[in-house]
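> Next come a sequence and a model predicted from it.
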Amino acid sequence: MLILATFSVLVLSFIFSMLGLGGALLYVPVFYWLGYDFKTVAIPTGLLLNGITALSAAIYYLRAKMVDIKGALPLLISSSLSAPIGAYLTEFIPVKLLMLFFIIAIWFAGLKMLFSSSKEQKKFYSYKLKLILMIIGGAFIGLIAGMLGIGGGFLFVPLMIVIGYETKIAAATNSFIVIFSSFSGFLGHITTGHFNVPLMIFTTIAVIIGSQIGARVMKEKMKSQWIKQMFGIILIGVGIKLLWKNLPYYLNIIKNLF
């Protein structure tokens, strides 16, 4: 089981590091499927590996001068400030209904990225306008993430691409952003997590190896179009996961309508 978990993490970290993501989206369910306790082992270990994947890739991207720190900070700060507000608003807003609109929106964004033109569309915004768009976009993503109880990191890259970032720069910059949310989430689980030390050691080594290889492949071999298509698949997959999780609720609404 440990060998299979380590190999799975190696492959996933290779893939997610190319996208500037941590990988907890799949680390946690993989650990759970392999028999590790969901709450005390899978979640804290997944969050730790999420941060290490992002950190390892970000170090390479920073050295390659692919990270726009000025662009990352407005997103990081605005989303961090708005997420608690979103969590508070769940008391007043029917979250599951909001989630349905969110699912439709990310499916639309996913399909758009999946079938977008292979040509990079450069948008020449002034720094001031780009800063405003990043703050507003980051605040909106943080608000939605707080309401729905999900990480918003996978939405930052599509936002940056829409604003005008080159796809590889957007993915590299996102890896820098993901570091902070991942480790803050992990710290919240330190007191409650019953850590499996062999699992953490072996998977941490796998993550460092996989993310370093993935970062190099992204910079040297990956085409921007491939990255956008992979993000499109992830967005559609996240939408399906959220829909499946709340399917009984939506089916009940449809049943009541008829």
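Yep, that arrived.

> quick one: residue 258 from residue 251, how far?
11 Å (C-beta to C-beta, to the nearest Å). In short, each C-beta sits where N, CA and C put it, glycine included.

> These two: which is more packed in?
Between residue 258 and residue 251, counted using other C-beta atoms under 10 Å, the more crowded position is residue 251 (10 against 4).

> If you count neighbours, what's buried in the strand or helix carrying residue 143?
Applying DSSP states H and E as the criterion places residue 143 in helix 127-148. Under the neighbour-count criterion of 16 or more other C-beta atoms under 10 Å, helix 127-148 has 130, 133-135, 137-148 buried.

> Looking at the residues you listed, which is nearest residue 173?
residue 134 (10.4 Å; C-beta to C-beta).

> isn't the closest one right next to residue 76, touching?
No. Judged on C-beta atoms under 8 Å, residue 134 makes no contact with residue 76 at a distance of 9.7 Å.

> picking up where we left off before, lowest-confidence one in the buried residues of helix 127-148?
Least confident by pLDDT among the buried residues of helix 127-148: that is residue 148, with 73.

> wait, that residue sits on residue 103?
No. If you go by C-beta under 8 Å, residue 148 and residue 103 don't touch, sitting 9.8 Å apart.

> any common contacting residues for those two?
The contact sets of residue 148 and residue 103 overlap at residue 242 (C-beta atoms under 8 Å, 6 or more residues apart in numbering).

> follow-up on the earlier one: of the buried residues of helix 127-148, closest to residue 6?
Distance to residue 6, by C-beta to C-beta, is smallest for residue 145 among those, at 29.9 Å.

> For the longest helix belonging to the chain, buried residues please.
Ranked by residue count and defined by DSSP state H, the top helix of the chain is helix 197-220. Under the neighbour-count criterion of 16+ other C-beta under 10 Å, helix 197-220 has 199-200, 202-204, 206-208, 210-216, 218 buried.

> right, and the secondary structure at residue 67 would be what?
With DSSP: H, G, I helix; E, B strand; the rest coil as the basis, residue 67 sits in coil.

> In contact with it, which residues?
Residue 67 touches 58, 61, 169, 172-173, 175-176, counting by C-beta under 8 Å, 6+ apart.
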